[in-house]
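1. Pasting the sequence and the predicted coordinates here, then a few questions.
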Amino acid sequence: MLASNGFRIHPFRAPTAFAITVFSVFNSLFRGLTNLIHGRAVAKTEVKAPVFIVGHWRSGTTYLHELMVLDERYGYPTTYQCFAPHFFLLTEGLITSFGNFLIPNKRPMDNMESGWNRPQEDEFALCAMGVRTPYVRMAFPNTASDVATLNMEGLSDKEMASWKQALLDFMKVVTYRTGKPLILKSPPHTGRIQTIYELFPDAKFIHIVRDPYVVFPSTQRLWQRLDDIQGMQRPHFRELDEYIFSAFERMYDGFEKQRPAIPEDRLVEVKYEDLVQNPVEELERIYSHLDLGDFESIRELLTAKVANEKDYKTNKHELSDELREEIKERWSGFIERYGY
């Protein structure tokens, strides 16, 4: 990754780059040990009927994921599993018990709770596994972003095979760890649904959308915070707005083209606004449409969680008239389709 980005590291970020490089050596050693101990068993593991939550960043994918994983019939990748996909089987107990100081209690972009054992998006695992992903931009935010995997167009046959194998390997090891069908969420999967469906023919998809005039400024805040924290460079953000526009367009170009490949009973859509207004009712509708099992068994858990979080306040964002007009023009197809 350093070589492909020309070793363009800001001097103030050199200690972080050095630390990550040192850790990568240990990561590789633990990966080899994990393969030696668990490799055969993981390879034989079957991934059963996974559920993928998709939708653009800041559209409510995390909230929906947090609600759905209350159902103990399903498993999910945790933050530690996503950050250490190659060797969490060996180190998970130690780090999650004694390494809480290594991770903040709240997410930097929205103050939602974070922690090693909380559900996390598997795109971080794919990034750690070395396949093409737009998340590399967080390390080098001033370098041109790799957006090819936002709709899986432009990848070579070798790159496509590597990407599919990485996702399959990660889902196998998490399934091996949990012994359950998985519920996953990853915004970049939105424009990959056909690729994922080909890989997992029994997969089901939940697509969540949100007011784009809220999504845009919220996504600005997301990348500004993560780029600043994770970057090997000091981000200047000069191309950030255009990246947000073009990434959205590429993602939804892929989604709309690939949607017809997914059977109607395998894809359900929900609006964030409806979800926060009537979460229990919307989850019941999702369960019914996708045939996810008896909903009554989790109704009480959902009701309690919703009541406990009723005072949570989302961030407030301001949008200039110029940006509002550009959103209206460039994302008009999405705005018209979903009634925003």
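-> Received the coordinates, thanks. Just so we're clear, the structure is a prediction, and the values are computed from it rather than from any experiment.

2. could you pull out the strands for the protein?
-> 51-54, 183-185, 204-209, 267-271 (DSSP state E).

3. show me the residues around residue 224 that make contact.
-> By C-beta atoms under 8 Å, 6 or more residues apart in numbering, the contact set of residue 224 is 235, 237, 240. Any C-beta I mention is one placed from the backbone N, CA and C, and that applies to glycine too.

4. Could you list the low-pLDDT ranges of this protein?
-> For the chain, the stretches with pLDDT under 70 are 99, 101-102, 104-112, 311-313, 315.

5. Scan this structure for its longest helix.
-> helix 14-43 (DSSP state H).

6. count of neighbours near the spatially closest residue to residue 179 that is not a sequence neighbour?
-> Sequence neighbours aside, residue 75 is the residue nearest to residue 179 in space, at 7.2 Å (criterion: C-beta to C-beta, 6 or more residues apart in numbering). Residue 75: 20 surrounding residues under other C-beta atoms under 10 Å.

7. Likewise for residue 320?
-> With other C-beta under 10 Å as criterion, residue 320 counts 9.

8. Adjust the sequence numbering to begin at 40 for everything that follows.
-> In the new count, where the first residue is 40, that last one comes out as residue 359.

9. and the gap between it and residue 280?
-> 11 Å (C-beta to C-beta, to the nearest Å).

10. Ok, residue 47 next?
-> On the measure of C-beta to C-beta, residue 47 and residue 280 end up 22 Å apart.

11. the more surrounded of the two?
-> residue 280 (14 against 11).

12. I'd guessed the more buried one sits against residue 259; true?
-> Yes. Using C-beta atoms under 8 Å, residue 280 makes contact with residue 259 at a distance of 7.3 Å.

13. thinking again about what came up before, filter the contacts of residue 263 down to the buried ones, PyMOL style.
-> Of the contacts of residue 263, the buried ones go into a single PyMOL selection, burial set by 16 or more other C-beta atoms under 10 Å:
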select buried, resi 274+279
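
14. could the contacts of residue 263 be laid out in JSON lines, adding distance to residue 56?
-> Formatted as JSON lines, these follow (distance: C-beta to C-beta, whole Å):
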{"residue": "274", "distance to residue 56": "15"}
{"residue": "276", "distance to residue 56": "20"}
{"residue": "279", "distance to residue 56": "22"}
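
15. what is the residue nearest to residue 218 paired to in the beta sheet?
-> residue 221 (DSSP bridges).

16. which residues does the closest residue to residue 379 other than its chain neighbours contact?
-> Leaving out its chain neighbours, the residue that sits closest to residue 379 by C-beta to C-beta, 6+ apart is residue 250, at 5.2 Å. By C-beta under 8 Å, 6+ apart, the residues touching residue 250 are 311, 312, 379.

17. returning to what we had before: and among the strands of the chain, the most buried is which?
-> strand 222-224 (a mean of 27; mean count of other C-beta atoms under 10 Å).

18. which neighbours does that strand have in its sheet, and in what orientation?
-> strand 90-93 (parallel).

19. Distance check, residue 287 against residue 54.
-> 34 Å.

20. Of those two, which one has the most company?
-> residue 287 (23 against 9).

21. That one touches residue 370, doesn't it?
-> Yes. At 6.4 Å, residue 287 and residue 370 qualify as touching, with contact defined as C-beta under 8 Å.

22. still on that earlier bit, which one of the contacts of residue 263 sits closest to residue 225?
-> residue 279 (20.9 Å; C-beta to C-beta).

23. how about the helices of the chain, start to end?
-> Under DSSP H, the chain gives helices at 53-82, 100-107, 118-122, 127-137, 162-167, 196-217, 232-238, 251-269, 279-297, 311-316, 318-329, 335-347, 360-369, 371-377.

24. Now distance to residue 93 too, for the ones you listed, in JSON lines please.
-> What follows is the helices of the chain, written out as JSON lines (distance: least, C-beta to C-beta, whole Å):
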{"stretch": "helix 53-82", "distance to residue 93": "26"}
{"stretch": "helix 100-107", "distance to residue 93": "7"}
{"stretch": "helix 118-122", "distance to residue 93": "16"}
{"stretch": "helix 127-137", "distance to residue 93": "24"}
{"stretch": "helix 162-167", "distance to residue 93": "11"}
{"stretch": "helix 196-217", "distance to residue 93": "14"}
{"stretch": "helix 232-238", "distance to residue 93": "7"}
{"stretch": "helix 251-269", "distance to residue 93": "14"}
{"stretch": "helix 279-297", "distance to residue 93": "8"}
{"stretch": "helix 311-316", "distance to residue 93": "13"}
{"stretch": "helix 318-329", "distance to residue 93": "13"}
{"stretch": "helix 335-347", "distance to residue 93": "21"}
{"stretch": "helix 360-369", "distance to residue 93": "21"}
{"stretch": "helix 371-377", "distance to residue 93": "14"}
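
25. Relative to residue 184, which of the ones you listed is closest?
-> So among those, helix 279-297 is nearest, using C-beta to C-beta, at 5.6 Å.

26. From the rest of the structure, what touches that closest one?
-> 93, 95, 173, 176, 184, 186, 189-192, 226-227, 229-234, 246, 251, 254-255, 258-259, 262-263, 362, 365, 369-370, 372-373.

27. And stretch 190-199, by the same measure?
-> 170-171, 187-188, 202, 230-231, 233-234, 289-290, 292-294, 296.

28. Most neighbours among those, which one is it?
-> Most surrounded of those: other C-beta under 10 Å gives residue 230, at 28 neighbours.
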